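>>> The sequence isn't on hand, but the structure is:
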């Protein structure tokens, strides 16, 4: 196993929040008059994240029956910057927030951020994994200022009122006095939930996802509109070759994959390829639904960028084979992959393109699995996941690309 791995744990094997994250949380909670003790919080690990560590942070309100105040702390996975540009990802997150498409960014620290918590029924670890986190220093001590330091921080706005929520640049803390965190999803008054593995296969929910994804693809995001897929695949292949032991690199046929990527890129070129802003990781855990309004919210934009729309749809279909909340989350059941019933020529062409792009999805996440195994400490069998994705690639390639040669032995 690679020495690049790094466990950020205490001696008691308990996850600790980075100091700057604690400072942001204290600064936030200190502005809430209905939170009696900003320094007493509960930290709950959330399941399903395979790139980062994600925690739900809760403060109890003064009135016992009231819904607690909650935010999300996301600690970036070790070494995952090989997968995407973190600055671009943050820019995307902020833009999506301003467009009302996702949660708000509340603060940033060196290896993570604090986000608005969209109230939902989410998968958490067992109750024994809930951590009562009593901050061991006062707010003023934590922030390294005098007693009125928080007021100074909040008042340190830029002159431009449109950017008035940015304060304390060295901590990347936002103006909590202007932040009103909702007790439910902003898209409605009902309780929201993260989708389950079975939900995307429900025809009604699938139609809602399709409608939302079409809206997502039509977003006009800042920056270049170039397709990111092929460069990203080649960058990941280079990283995998550099990290992977020789025996595993041989087993995964990594030396052959540059040719495979070029073959796919050529096969996917043509006038039918529509480009839009794509999520590129639309698995069920990145989709939330308001129970009352049935509104869909797409979250987590780390892999997002301009891409072939057919790839985004194909990748979503491939994810229907996954259930990341079982005892074997790395095992995929491709029998759950949906069939197709094209109703006209346009839809038929899209279906054909989507089918071909499933091959790209398998290579994409196969390489991701290899790299993740070597740089990430999250408890997930990335190598077995990669093996399954590559197996699907080689077994389906000859069926989907008529001109392809037979897969290697």
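Okay, I see it. Everything numeric here is computed off the predicted structure, so don't read it as measured data.
>>> quick one, what contacts residue 62?
When contacts are counted by C-beta atoms under 8 Å, 6 or more residues apart in numbering, residue 62 touches 34, 35, 36. (C-beta placed from N, C-alpha, C; glycine too.)
>>> List the buried residues of the longest helix seen in the chain.
The longest helix of the chain (DSSP state H) is helix 345-375. Under the neighbour-count criterion of 16 or more other C-beta atoms under 10 Å, helix 345-375 has 350-351, 353-375 buried.
>>> before we move on, the earlier item: let's see if you can find the most crowded of the contacts of residue 62.
In terms of neighbours by other C-beta atoms under 10 Å, the contacts of residue 62 top out with residue 35 at 19 neighbours.
>>> and that residue, which of the three is it?
Counting by DSSP: H, G, I helix; E, B strand; the rest coil, the backbone at residue 35 sits in coil.
>>> if I look at it, how far off is residue 113?
21 Å (C-beta to C-beta, to the nearest Å).
>>> can you check residue 214 too?
For residue 214, the distance to residue 113 - C-beta to C-beta - is 28 Å.
>>> More neighbours: the two, which one.
Neighbours were counted for residue 214 and for residue 113 using other C-beta under 10 Å; residue 113 has more, 22 against 11.
>>> can you confirm that one is in a helix?
No: counting by three-state DSSP, residue 113 falls outside a helix, being strand.
>>> Quick check: it touching residue 94?
No: assessed by C-beta atoms under 8 Å, residue 113 is found out of contact with residue 94, at 10.3 Å.
>>> Give the residues shared as contacts by the two.
By C-beta under 8 Å, 6+ apart, the residues touching both residue 113 and residue 94 are residue 105.
>>> need the strands for the protein, in chain order.
40-45, 52-59, 69-76, 105-109, 112-116, 120-121, 131-134, 166-167, 173-174, 192-194, 275-278, 287-290, 296-298, 305-308 (DSSP state E).
>>> Across the sheet, point out what pairs with the spatially closest residue to residue 229 that is not a sequence neighbour.
Nearest residue to residue 229 in three dimensions, chain neighbours excluded: residue 307, at 5.2 Å (C-beta to C-beta, 6 or more residues apart in numbering). In this entry, residue 307 is beta-bridged to residue 276, by DSSP bridges.
>>> doesn't residue 42 make contact with residue 69?
No: the criterion here is C-beta under 8 Å, and residue 69 misses it with residue 42 at 10.7 Å.
>>> out of these two, which sits in the more crowded spot?
Remark: of residue 69 and residue 42, residue 69 carries more neighbours, 20 against 17, as counted by other C-beta under 10 Å.
>>> Return, as residue ranges, the portions of this structure with sub-threshold pLDDT.
1-15, 48-49, 65-67, 119-192, 271-272, 321-346, 402-409 (pLDDT under 70).
>>> Domain-wise, how is it divided?
19-183, 194-400 (automatic domain parsing).
>>> contacting residues around the residue nearest to residue 254 when sequence neighbours are not counted?
Closest residue to residue 254 apart from its sequence neighbours, by C-beta to C-beta, 6+ apart: residue 241 at 5.4 Å. Neighbouring residues of residue 241 by C-beta under 8 Å, 6+ apart: 249, 254, 255.
>>> from the residues you listed, which ones fall inside helices?
Using DSSP H, the contacts of residue 241 in helices are residue 249.
>>> Selection in PyMOL covering whichever of the contacts of residue 241 are buried, please.
Per 16+ other C-beta under 10 Å, the buried members of the contacts of residue 241 correspond to this PyMOL selection:
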select buried, resi 249+254
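>>> Tell me the one among the contacts of residue 241 nearest to residue 302.
Nearest to residue 302 among the contacts of residue 241, counting by C-beta to C-beta, is residue 254 at 23.7 Å.
>>> Hmm, the closest one is touching residue 244, no?
Yes: Residue 254 is within contact range of residue 244, at 6.5 Å (criterion: C-beta under 8 Å).
>>> Number of residues surrounding residue 244?
22.
>>> If you could redo that for residue 107, that was the one I meant.
There are 25 residues near residue 107, going by other C-beta under 10 Å.
>>> And the one 5 residues further on, by the same measure?
Neighbouring residues of residue 112 were enumerated by other C-beta under 10 Å; the total is 22.
>>> and if you look at residue 378?
Counted with other C-beta under 10 Å, residue 378 comes out at 14.
>>> what's the answer for residue 227, then?
18.
>>> check contacts around it.
Contacts of residue 227 (C-beta under 8 Å, 6+ apart): 275, 306, 307, 308.
>>> taking the residues you listed as a set, which two sit the farthest apart in space?
306 and 308 (9.1 Å).
>>> now the helices: where do they sit in this protein?
Using DSSP H, helices in the chain cover 19-29, 86-98, 139-143, 149-155, 203-217, 229-243, 246-251, 257-268, 309-319, 345-375, 382-400.
>>> tell me which residues of the second one are tucked away?
For helix 86-98, burial by neighbour count (16+ other C-beta under 10 Å) applies to 88, 89, 90, 92, 93, 95, 96, 97.
>>> what's next to that helix, contact-wise?
76, 102-105, 108, 113, 115-116, 221-223, 301-302, 304-305.
>>> quick one on the thing from earlier: where do the contact lists of residue 306 and residue 308 overlap?
What both residue 306 and residue 308 touch, as defined by C-beta under 8 Å, 6+ apart, is the set 227, 275, 278.
>>> before we move on, back to that, generate TSV for the strands of the chain, with distance to residue 205 as supplementary columns.
Output for those, formatted as TSV (distance: least, C-beta to C-beta, whole Å):
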stretch	distance to residue 205
strand 40-45	26
strand 52-59	23
strand 69-76	24
strand 105-109	28
strand 112-116	24
strand 120-121	15
strand 131-134	33
strand 166-167	37
strand 173-174	34
strand 192-194	11
strand 275-278	20
strand 287-290	7
strand 296-298	8
strand 305-308	23
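>>> So for residue 262, which of those strands sits nearest?
Comparing the strands of the chain under C-beta to C-beta, the one sitting nearest is strand 305-308, at 15.9 Å.
>>> got a list of contacts for that closest one?
Contacts of strand 305-308 (C-beta under 8 Å, 6+ apart): 88, 92, 221, 224-229, 268, 273-278, 280, 353, 357.
>>> could you redo the last one with a cut-off of 10 Å?
84-85, 88-89, 92, 217, 219, 221, 223-230, 232, 268-269, 272-280, 314-315, 353-354, 357, 360 (C-beta atoms under 10 Å, 6 or more residues apart in numbering).
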